[in-house]
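In: My questions are about this predicted structure, shown below with the sequence.
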Amino acid sequence: MTAHVTGNRANHSAPLDCLYRTNVRGEGDEESAHCLLLSRILSESVEHCVVARPLCEACVNHTGQSFAHHPVFPSYVFERACERSASASTPESVAHWNHWLTKAEAAIVEASQPAAAPRVIPACDVILCVTDLTSLWRAVLESLLEQEDAVPIVHLVIRCETQVDLSAFTPRWNLLVHRWEDLPTLIATTIRLWPMLATESLTFPSEHHPPERGWLSGAMGRLRETGAVVTATQILQNAATASPEPERWTILPDTIALRRATLVDMLHHGLTAEDSTADIVALALRQKQRVELEAWRGPAPSHTVTISSLADNTALNGSSRPRCSMLPDTAAQCDVVLPFHGQLDYVREALESLLQQERATAIIHLIDDASPDDTTAFLDEWAQHPQLRVYRNRENVGQFQSFNNVAGYWETDLVAVQDADDISLPHRLAWAIAMLHGSGADYFGAAVELFGDEAVIRPVMHETAVLEWTPRASCRRSFYPEWSRADYFLENPTAVFRAAMFRRMGGYADFGDRFMNRTSLDTEFQLRCLYSGVRFAISQEIVTRYRVHASSATQDRATGWGSVARSESIRQVETRCRLFRDHQFDPRPFGALGRYTHLTERWRSAP
């Protein structure tokens, strides 16, 4: 039995944050609304697309683009298509509803029979501290070194002066011995060990309690399959349910396992070397991240802790947050690719935000993607700046192919995405560089703050006895995906990754159509990286301001939600995702790196 935890319980009486939800009626369990998105997808009158609140809640909490993986659409569409196809009066209508009936049925079958992923042997850095030589540490160490279906890299930290005979455990390639007496906490020990960490995950077994041989494999599997940032064993208050209040949850601290990148991010957000490993779980809950708790089986053990709340200085983006030592003291460099197609006022704002980065220097590759207006003066102006490299496309190929085309010009080991209409916050690049270096990851993603056209970021109407207006959520966050149901999970406007990884993956894909190439290629690249074993570092930090406006790719009639181009792109992504998830594959042929480089030329200012 496991519990999926993402912080405090939802307020089921609060208005839902969904711009497609209209004509809300009723309250509590009786509440329902018309869905504009379903109306658009099915070409159906909105009055016929009535959705109950529990289904709306499931949809709002789902961030992916795939129809097959959506928690609501397949079953709703199947039921609706059955009704409508039976009453259809024209051949066109019959064909329309039979198409959706077949598609919904296939999605339901796929969801009910999840494919088995190729076998992956997880690895994990295991930190075992010995302070009492009379403890069971030898039995613990032996159990760790003989874990099944997992590869432990064991850091044995001896905190006592007495010499210890380790001849029974040597030589072992995955056992590293350290003698440190001055480190009071496991987090302080982990920080000291940081340069020697080799894997994506961390765990902290106790010297008093030998783990079972399959414990590490199970913990790593839960992180991978659920997308959780931390997992632990929970002592339930009774046999059936866990307490809903985080401060009352009782856990076994020696069962905590977490992602290494998560610890880096938490150290940036107020966790200190003096805190305990249980505080890691508390902070994850405070941040509303996913925590996977497995129920303890058997008599309640004595070595438990109750999760405590951290102090208020852990608030995200708070001025009271201490500066983390992992942020660079000197200006690190990072390539940034900024393609644009008109909208020069937005582009200027984006450029200025990159030139104002703190503790990081951006090498900016500015690409005019065949703008409709004359940009000669604009390109000449920016070509004079020492941090800019300027290009022009002979044809409009879109932001992703433009990105591919300048890969041969990058000057550093890291490269960042910069959409022409977005603004990078001053700490964006330094934060990403610190996360990538601290976690050993290849691909960074974080959170965006929404701003822009109020007609697009429109309020949500909640119709009750009193008319209420609630503004939409102000930000969107990246997250770790569920392995078997992955979809778009990393906010692309925040992306920073290693240049070598991008080239190894073959770059962004080419779907063969100019409009299709403007949509979902970031999702395809994320999934190709995920199933190729690329390491991700996900942060809760807001690093980019995401401009919402009517001409953006997600709102434009040619490429926005409900368009033919986006629907076909999503279908391509779903097909590729099944292949990536279920088979071993070479990622390079799925990319289009080098395919259109002849269309991008370095800008030469007139003499």
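Out: It's in. Computed from a predicted structure; not experimentally measured.
In: Only C-alpha atoms from now on, for both contacts and neighbour counts.
Out: Fine.
In: And the helices in the stretch 101-250 of the chain?
Out: Taking DSSP state H, counting those that start in this stretch to define them, one finds helices in the stretch 101-250 of the chain at 137-145, 186-193, 215-226.
In: ok, now how distant is the nearest residue to residue 420 once chain neighbours are set aside from residue 206?
Out: Leaving aside its chain neighbours, residue 420 sits nearest to residue 347 (5.0 Å; criterion: Cα to Cα, 6 or more residues apart in numbering). When distance is defined by Cα to Cα, to the nearest Å, residue 347 is 54 Å away from residue 206.
In: Show me the contact partners of stretch 435-445.
Out: Residues from elsewhere that reach stretch 435-445 (Cα atoms under 8 Å, 6 or more residues apart in numbering): 194, 198-200, 260-261, 264-265, 326, 432, 478, 490-492, 494-498, 501, 534-539.
In: What's the ChimeraX syntax to select whichever of those residues are buried?
Out: This is the ChimeraX syntax for the buried subset of the contacts of stretch 435-445, where burial follows 16 or more other Cα atoms under 10 Å:
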select :199,200,260,261,264,265,326,432,478,490,491,492,494,495,496,497,498,501,535,536,537,538,539
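In: Next step: the contacts of stretch 435-445 restricted to strands.
Out: Residues of the contacts of stretch 435-445 located in strands (DSSP state E): 496-498, 536-539.
In: and those, which two are the farthest apart?
Out: Greatest spacing in those, by Cα to Cα: 498 and 539 (16.4 Å).
In: to the chain's geometric centre, what's the distance from stretch 593-607?
Out: Its chain's C-alpha centre and that of stretch 593-607 lie 33 Å apart, by Cα atoms, centre = their mean, to the nearest Å.
In: and the ones in strands among the contacts of stretch 435-445 as a markdown table, adding distance to residue 297?
Out: Putting those into a markdown table (distance: Cα to Cα, whole Å) gives the following:
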| residue | distance to residue 297 |
| --- | --- |
| 496 | 42 |
| 497 | 42 |
| 498 | 43 |
| 536 | 33 |
| 537 | 33 |
| 538 | 32 |
| 539 | 33 |
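In: what sits against the residue nearest to residue 420?
Out: Contact analysis of residue 347 by Cα under 8 Å, 6+ apart lists 340, 420-421.
In: can you give me the strands for the stretch 251-400 of the chain?
Out: According to DSSP state E, counting those that start in this stretch, the stretch 251-400 of the chain carries its strands in the segments 291-295, 305-306, 332-340, 360-368, 388-393.
In: For the fourth one, name the packing helices and strands.
Out: Other helices and strands packing on strand 360-368, by 3 or more Cα pairs under 8 Å, 6 or more residues apart in numbering; DSSP states H and E, are strand 332-340, helix 344-355, strand 388-393, helix 428-439.
In: redo that, cut-off 6 Å
Out: Judged by 3 or more Cα pairs under 6 Å, 6 or more residues apart in numbering; DSSP states H and E, strand 360-368 is in contact with strand 332-340, strand 388-393.
In: Deepest-packed of those, please.
Out: strand 332-340 (a mean of 24; mean count of other Cα atoms under 10 Å).
In: can you list contacts of it?
Out: Residues outside strand 332-340 that contact it (Cα atoms under 6 Å, 6 or more residues apart in numbering) are 360-369, 399, 412, 414-418, 420.
In: That strand pairs with which strands, and in what direction?
Out: strand 360-368 (parallel), strand 414-417 (parallel) (DSSP bridges).
In: got the ones you listed as TSV, with mean pLDDT columns?
Out: Output for these, formatted as TSV (pLDDT from 0 to 100):
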stretch	mean pLDDT
strand 360-368	97
strand 414-417	98
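In: Quick check: chain neighbours aside, which residue is closest to the most centrally placed residue in the chain?
Out: With distances taken as Cα atoms, centre = their mean, the residue of the chain nearest its centroid is residue 479 (2.8 Å). The shortest distance from residue 479 to any non-neighbouring residue, by Cα to Cα, 6+ apart, is to residue 489 (5.7 Å).
In: With residue 181 instead?
Out: In space, not counting the residues next to it along the chain, residue 181 is nearest to residue 159; the distance is 4.3 Å by Cα to Cα, 6+ apart.
In: Can you give me the neighbour number for the one you found?
Out: 18 (other Cα atoms under 10 Å).
In: repeat for residue 399
Out: When neighbours are counted by other Cα under 10 Å, residue 399 registers 26.
In: need the contact list for it.
Out: Contact analysis of residue 399 by Cα under 6 Å, 6+ apart lists residue 339.
In: One more: the one 5 residues further on?
Out: Residue 404 makes contact with residue 593, according to Cα under 6 Å, 6+ apart.
In: repeat that for 10 Å
Out: Shown in contact with residue 404 (Cα atoms under 10 Å, 6 or more residues apart in numbering): 337, 502-503, 506-509, 591-597, 600.
In: Check these against residue 133 and report the nearest one.
Out: Using Cα to Cα, those come closest to residue 133 at residue 502, 48.2 Å.
In: Run through the stretch 101-250 of the chain and note the low-pLDDT ranges.
Out: For the stretch 101-250 of the chain, applying pLDDT under 70 flags the ranges 111-119, 237-248.
In: if we go to 50?
Out: Applying pLDDT under 50 to the stretch 101-250 of the chain flags residues 239-244, 246.
In: Does residue 254 touch residue 278 like I think?
Out: Yes. Counting by Cα atoms under 10 Å, residue 278 is a contact partner of residue 254 at 9.4 Å.
In: Residue 105: which of the strands of the stretch 251-400 of the chain is closest?
Out: Nearest of these to residue 105, taken as Cα to Cα: strand 291-295 at 30.8 Å.
In: could you dump that closest one to CSV, C-alpha only?
Out: Below are the C-alpha coordinates for strand 291-295, written out as CSV (Å, rounded to 0.1, in the frame of the first residue of the first chain):
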residue,chain,number,x,y,z
VAL,A,291,6.1,12.3,-1.9
GLU,A,292,5.6,8.6,-2.2
LEU,A,293,4.9,7.0,1.2
GLU,A,294,4.9,3.2,1.5
ALA,A,295,3.0,1.7,4.5
